[in-house]
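**Student:** Build me a model:
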Amino acid sequence: MRAYTFSALEVRYGQSDMNDVIAVGDSEITLTFADDTEALYYDIVGSFDSYDGNAEIYTIPESVLIDGTEVAARGIDPYFAELYFEGGARSEVLLLELNDVTDYIIQLGGAPLPEVDTVADFFALQDSLEGIGNLDASPLDLTEVAGLVSIDDTTPAPQPEPEPTPEPAPVPVPGIELTGTPEAETLTGTADDDTLRGAGGDDRLEGLDGQDVLVGGAGDDGLIGGNGNDSLLGGAGEDVLAAGDGDDTLDGGADDDRLGGGQGDDLMGGGTGDDTIGGGFGDDTIAGGDGDDVVAGGAGNDRIDGGAGGDVIGASYGNDLVAGGLGDDDIGGGTGRDTIDAGDGNDSVGGGEGDDLIRGGTGSDFLAGGGRNDTIDGGTGADTLNGGDGDDVLTGGAGADVFVWTSGEAGAVDVITDFEAGLDMVRLAGVENAPGTGLAGKLASLDITDVTLDGVAGTTLDYDGQTIFVAGVSAVELGLDDFVFV
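**Tutor:** Numbering: from 1, shown residues only. Next comes the predicted model:
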């Protein structure tokens, strides 16, 4: 076995406010792997606001020690980021978030991080940041990490073969291992840790209790994990995977599979094919993979990546992180404060309830905020942005964009940050005019005024108790060509 020990900056937050730093200090983190592992393999799940390198690590350590105390690897959320400092310096870091109240920052490379001995030092470090950027998902050479303290090879030296001794009488051991035949059959485990392999045929595998491993193999299989932290691998064929209780791992494999997470914080991947995935309860991590997938996050604060293909994603309940990936996706945020990155393609996004952050990415997207105070960025392409109710901030990005204004909550103020007269348009519904005045009469019904809001010059459009503030544009620049009345 090989153990890597790294120096880390520990940042501890108050329970009630993640912006409340209550302590900082130095820590040591030791990752122990089963063999002579030298590289850490990971995927970037999506691009989000707080740390752009939200990641899923595939090189899982056998154990994780923080200052000599072992912690569960599943309880740690990893983030990879590049920090941009004033003056042009850049540092690459791995941030490990433990139980939502403590961060550990390991420097990977680049410019040395400033010395942090006090909470004031940490705030000074934050103030010196100009931005946070992406790291790619290239394998991380653990031997070259800047914060590396030591490497300890704990693999025992080979020992001489012992002399043969008479075999003792069989002793019962927990769990069973069953392998099926090419025929369709049912394999049932025990209350212990079982391994069931279906081989060929349309098989049914039931793990029952224990931490089971179920492998469907070829055929259209049904895998039921039951209680415990189970691993379900569908393999080839149109499989149905049901996790049950526990923190389970589900991999649909090839073809069009159906995956259900159930209780616990589950890790689910659809693989190739047009998959249907339901997260169930718990804070789940879901990757649709290739194909046109249908994904429902369910309850909990879920992380969802649609992958390639035209996916339909419903984040449902909780504060969810959603990445549409490649293809023309249809994404709904549901309740909670969701962060949605639609990705490539001509996507359709509805934030739902909650103060949502929505990014369209590339392509001509339709982006709707929903019922609260949303922030929407269209990205590149000719996008349509509709904030809905609430005080929304709308940024069209590159391309000829349409900003939709509908009758809604009285007193609400929407802000358009980058309207370009003559290119972008404001679409208004329900604006009345005097008979015979046509579109000019509708435009005259709007109260268009030059104002300065929070130090930014622009124009307000007022109608029926609602206001749009168009930043950087004067009233004289706006004409009929900038509006669509419906």
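
**Student:** For Ile331, give me its contacts.
**Tutor:** 306, 311-315, 322, 324, 340, 342, 347-350 (C-beta atoms under 8 Å, 6 or more residues apart in numbering). Any C-beta I mention is one placed from the backbone N, CA and C, and that applies to glycine too.

**Student:** So which of those residues are in strands?
**Tutor:** Counting by DSSP state E, the part of these found in strands is Val312, Ile313, Gly314, Val322, Ile340, Ser348, Val349, Gly350.

**Student:** so the last one bridges to which residues?
**Tutor:** I take that to be Gly350. Gly332, Ala368 (DSSP bridges).

**Student:** measure it to Arg427 for me?
**Tutor:** Using C-beta to C-beta, to the nearest Å, we find Gly350 at a distance of 17 Å from Arg427.

**Student:** try the second one
**Tutor:** Separation of Ile313 from Arg427 (C-beta to C-beta) stands at 26 Å.

**Student:** Comparing these two, which residue is more hemmed in?
**Tutor:** Ile313 (30 against 16; other C-beta atoms under 10 Å).

**Student:** After the biggest helix by length in the chain, which helix or strand is next?
**Tutor:** Scanning the chain for the helix with the most residues, using DSSP state H, yields helix 119-128. On the C-terminal side of helix 119-128, the closest following helix or strand by DSSP states H and E is strand 129-133.

**Student:** Which parts of that next one count as buried, going by neighbours?
**Tutor:** If you call a residue buried by 16 or more other C-beta atoms under 10 Å, then strand 129-133 has these buried ones: Ile132.

**Student:** Read off the pLDDT value for Pro168.
**Tutor:** Listed pLDDT for Pro168 reads 53.

**Student:** Glu38 now?
**Tutor:** For Glu38, pLDDT reads 78.

**Student:** which ones are touching it?
**Tutor:** Counting by C-beta under 8 Å, 6+ apart, Glu38 has contacts Asp141, Leu142, Thr143.

**Student:** can you do 10 Å?
**Tutor:** The neighbours of Glu38, taking C-beta atoms under 10 Å, 6 or more residues apart in numbering as the test, are Arg2, Tyr4, Thr59, Pro139, Leu140, Asp141, Leu142, Thr143, Glu144, Ile151.

**Student:** Can you give me the domain boundaries for this structure?
**Tutor:** The chain is divided into the following domains under automatic domain parsing: 2-153, 185-300.

**Student:** With Ala400 as the reference, name the closest of the ones you listed.
**Tutor:** Closest approach to Ala400 among those is made by domain 2-153 (24.3 Å; C-beta to C-beta).

**Student:** For stretch 376-387, give the mean pLDDT please.
**Tutor:** Mean pLDDT, stretch 376-387: 96.

**Student:** May I see the buried residues of that stretch?
**Tutor:** Buried residues in stretch 376-387, defined by neighbour count with 16+ other C-beta under 10 Å: Ile376, Asp377, Gly378, Gly379, Gly381, Ala382, Asp383, Thr384, Leu385, Asn386, Gly387.

**Student:** Nearest spatial neighbour of Asp67, chain-adjacent residues omitted?
**Tutor:** Leaving aside its chain neighbours, Asp67 sits nearest to Ser27 (5.4 Å; criterion: C-beta to C-beta, 6 or more residues apart in numbering).

**Student:** Roughly how far does that neighbour sit from Leu98?
**Tutor:** 10 Å.

**Student:** Common neighbours of the two, please.
**Tutor:** Glu10, Ile66, Tyr104.

**Student:** right, and the last one touches Thr30 too?
**Tutor:** Translated: Tyr104. No. Counting by C-beta atoms under 10 Å, Tyr104 stays clear of Thr30, with 11.8 Å between them.

**Student:** Between the two, which contacts overlap?
**Tutor:** Phe6, Ile66, Asp67.

**Student:** So which of those residues is the closest to Gly289?
**Tutor:** Relative to Gly289, the closest of those is Phe6; by C-beta to C-beta it sits at 31.9 Å.

**Student:** Check which helix or strand the closest one maps to.
**Tutor:** Short version, using DSSP H and E: Phe6 is in strand 2-13.

**Student:** what packs against that strand?
**Tutor:** Packing contacts for strand 2-13, counted by 3 or more C-beta pairs under 10 Å, 6 or more residues apart in numbering; DSSP states H and E, involve strand 21-33, strand 63-66, strand 90-98, strand 102-110, helix 119-128, strand 148-153.

**Student:** same thing but at 8 Å, please
**Tutor:** In terms of contacts (3 or more C-beta pairs under 8 Å, 6 or more residues apart in numbering; DSSP states H and E), strand 2-13 is packed against strand 21-33, strand 102-110, strand 148-153.

**Student:** any chance of the shared contacts of Ser27 and Leu98 in a markdown table, with distance to Gly207, neighbour count and pLDDT too?
**Tutor:** Shown next, in a markdown table, are these (distance: C-beta to C-beta, whole Å; neighbours: other C-beta atoms under 10 Å; pLDDT from 0 to 100):
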| residue | distance to Gly207 | neighbour count | pLDDT |
| --- | --- | --- | --- |
| Glu10 | 39 | 19 | 91 |
| Ile66 | 32 | 18 | 90 |
| Tyr104 | 35 | 21 | 90 |
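
**Student:** For Gly216, grab the count of nearby residues.
**Tutor:** Gly216 has 32 neighbouring residues, counting by other C-beta under 10 Å.

**Student:** Ala410 too?
**Tutor:** Neighbourhood size, Ala410 [other C-beta under 10 Å]: 8.

**Student:** now the one 10 residues further on
**Tutor:** One way to gauge burial is a neighbour count; for Glu420, by other C-beta under 10 Å, it gives 15.

**Student:** Surely it is in a helix?
**Tutor:** No. Applying DSSP: H, G, I helix; E, B strand; the rest coil, one finds Glu420 to be coil, outside a helix.

**Student:** What score does it have for pLDDT?
**Tutor:** pLDDT, Glu420: 96.

**Student:** tell me the contacts of it?
**Tutor:** Per C-beta under 8 Å, 6+ apart, neighbours of Glu420: Gly396.

**Student:** For Asp266, give me its contacts.
**Tutor:** Ala243, Asp247, Asp248, Thr249, Leu250, Gly279, Gly280, Gly282, Asp284, Thr285.

**Student:** Please name the bridge partners of the closest residue to Leu453 other than its chain neighbours.
**Tutor:** Ranked by C-beta to C-beta, 6+ apart and with sequence neighbours excluded, the top spatial neighbour of Leu453 is Phe469, at 5.3 Å. Under the criterion DSSP bridges, Phe469 forms beta bridges with Val415, Thr460.
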